[in-house]
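Enquirer: sharing a sequence plus its predicted fold:
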Amino acid sequence: MTMLQLLIYPERVSERDRWIVAQRPPRTTLDPRRPYAFLVERERASSGEVVPVSTLFLTNRECPWRCVMCDLWKNTLTDTVPLGAIPEQIEFALQQLPPARHIKLYNSGSFFDVQAIPPEDYSAIAALLKPFERVIVESHPALVGARCVDFRDLLSAQLEVAMGLETVHPEALQRLNKRVTLEQFAAAAERLREQAIELRVFVLVQPPFIRSDEALHWAQRSLDFAFDCNATAVTLIPTRSGNGAMEMLQEAGEFTPPDLRTFEKAVEYGVGLGRGRVFADLWEIERIATCVYCRAARIARLERINLTQSIPPVLLCEPCEGDV
């Protein structure tokens, strides 16, 4: 395959999966009976309290969707884990972590994908989660259905489902290869609302196929849509490269990482709406916080916004051309 061919992103959906997978570097070797990471973080709850949250990154089979921007597959398996492996992972992590009030079970895909989390393990998982007030899991909108309700009924905690909206830009959303429409997302959100399951939404800031000068506008419209779908929290993620496909799109001029000020303005807009909590995803934020003079202060400012849901004064930095 020539370089020119590699730079051409397939327009036909049937060809995109193959193209995306063909760009990948190797995945990590993982133990199916151990989570690949776990930690306790602080997060502002809907009550206004800042609470400790146990965050577990479960090891399981790769998601069946092949989103062009996704790098989560790096820490997944090619086969379904054995029965009992997911409860064992959760128990192992909780034995190492201090007590917390909320727990996130993130699994690089959809919790309700039967190839990732065997439903036969739901009861054992729920038993391990009894100490928690809130359980947060991820799901593709297409998998929000009966299994979601079944799992909720096993819990003594409030269930919250996090779904990736990514963007409301119609062309960009279609080309991301997520295979979901805005109508389908809204319908899944309504199913959650009807079952008293809370919704968290992930939104990308400046995903592929959106011009830099339009990135803030589409992030703002995506925040509006998420809250229209009754989200109680939205996490804004600065789109990053690192999965092979994104580097190819960047070389082809189809993707540019956001600058830090665009990301900050998106966060400020969301918090300013006052419609729910808005969090800045600070994972690898150093990729876009590149100014050696102000990056530490600006990252600290975003951390403060996350915990207070208020907007501190904008920082000034002459090397960043004055008002940043």
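Expert: Happy to help now that I have it.
Enquirer: residues contacting the residue most central in space within the chain?
Expert: The residue lying closest to the centre of the chain (C-alpha atoms, centre = their mean) is Phe202, at 4.9 Å. Residues near Phe202 by C-beta atoms under 8 Å, 6 or more residues apart in numbering: Ala162, Met163, Gly164, Leu165, Glu166, Val234, Thr235, Ile237. For the C-beta atoms, the positions are set from N, CA and C on the backbone; glycine is no exception.
Enquirer: which of the residues you listed are buried?
Expert: Ala162, Met163, Gly164, Leu165, Glu166, Val234, Thr235, Ile237 (16 or more other C-beta atoms under 10 Å).
Enquirer: in three-state terms, how would the residue lying closest to the fifth one once chain neighbours are set aside be classified?
Expert: What that stands for is Glu166. In space, Glu166 comes closest to Leu204 once its chain neighbours are excluded; the distance is 4.9 Å by C-beta to C-beta, 6 or more residues apart in numbering. Of the three states, Leu204 takes strand under DSSP: H, G, I helix; E, B strand; the rest coil.
Enquirer: residue contacts, Leu204?
Expert: Met69, Glu166, Thr167, Ala219, Ser222, Leu236, Ile237, Pro238, Thr239.
Enquirer: which of those residues tops the neighbour count?
Expert: Ala219 (29 neighbours; other C-beta atoms under 10 Å).
Enquirer: quick one: buried residues of the helix or strand encompassing it?
Expert: Here Ala219, judged by DSSP states H and E, is contained in helix 215-228. For helix 215-228, the neighbour count (16+ other C-beta under 10 Å) marks Ala215, Leu216, Trp218, Ala219, Gln220, Ser222, Leu223, Phe225, Ala226, Phe227 as buried.
Enquirer: nearest to Tyr122 among those residues?
Expert: Nearest to Tyr122 among the buried residues of helix 215-228, counting by C-beta to C-beta, is Ala226 at 27.5 Å.
Enquirer: next one: the closest one, what pLDDT does it get?
Expert: pLDDT, Ala226: 98.
Enquirer: now Cys229
Expert: 98.
Enquirer: with Ile136 instead?
Expert: Value for Ile136, per-residue pLDDT: 98.
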